[in-house]
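> with the sequence up front, the predicted model follows.
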Amino acid sequence: VVPVMQPVQKEQKDLQSCKSIISELEVHEDAWPFLLPVNTRQFPTYKKIIKKPMDLSAIKKKLDDNLYKTREEYCEDLRLMFNNCETFNEDDSPVGKAGHNLRSFFETKWNEHFPP
Ligand SMILES: Cc1ncccc1N[C@@H](C)c1cnc2ccsc2c1
């Protein structure tokens with residue numbers, strides 16, 4: 001008989017996977033544009049163009065503060081971060097390329113932990 005995981009254990013496993021994935025993203029060589037919030041003094045138009053800023057430190061804090069109800073909410077914030085990057089940066093810019101690379105790395109990890 002295949003053991004059915006209790007909801008509590010399932011959520012704990014999901015949380016561990018989400019923590020593991022963001023730890024791997026944070027040390028990835030293409031993570032540098034995403035480690036901290038975009039400095040809006042350095043990029044004055046950013047707040048006007050990007051309605052919902054998101055970065056790895058914010059996601060890590062939400063995870064540690066237990067603010068994600070599901071792994072899908074966590075995934076949405078990561079995809080928001082990558083979509084913000086595509087909105088603001090040219091694909092062939094250093095930040096744009098880093099965003100595409102890190103997104104590809106993330107989606108691969110996501111599928112490893114949570115096979116469709
Ligand atoms: C992800 C992103 N999107 C739009 C603008 C900036 C950023 N990242 C910041 C960290 C960043 C990205 N690149 C540079 C280059 C010199 S300072 C600096 C800061």
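Okay, I see it.
> per-residue confidence for the spatially most central residue of the chain?
For the chain, residue 78 is the residue whose C-alpha lies nearest the centre (Cα atoms, centre = their mean; 2.7 Å). Residue 78 is assigned 99 on the pLDDT scale.
> pretty sure it sits against residue 59.
Yes: counting by Cβ atoms under 8 Å, residue 78 touches residue 59, with 6.5 Å between them. Any C-beta I mention is one placed from the backbone N, CA and C, and that applies to glycine too.
> how about the nearest residue to the residue nearest to the centre of the chain, chain neighbours excluded?
residue 106 (5.8 Å; Cβ to Cβ, 6 or more residues apart in numbering).
> so which helix or strand takes in the one you found?
helix 94-113 (DSSP states H and E).
> assign a three-state SS to the residue of the chain found nearest the ligand, would you?
Here the chain gets closest to the ligand at one residue, residue 33, 3.8 Å apart by Cβ to the nearest ligand atom. Following DSSP: H, G, I helix; E, B strand; the rest coil, residue 33 is assigned to helix.
> for the residue nearest to it when sequence neighbours are not counted, what are its contacts?
Leaving aside its sequence neighbours, residue 33 sits nearest to residue 95 (Cβ to Cβ, 6+ apart; 4.6 Å). Counting by Cβ atoms under 8 Å, 6 or more residues apart in numbering, residue 95 makes contact with 33, 85, 89.
> fine by me, we can end here.
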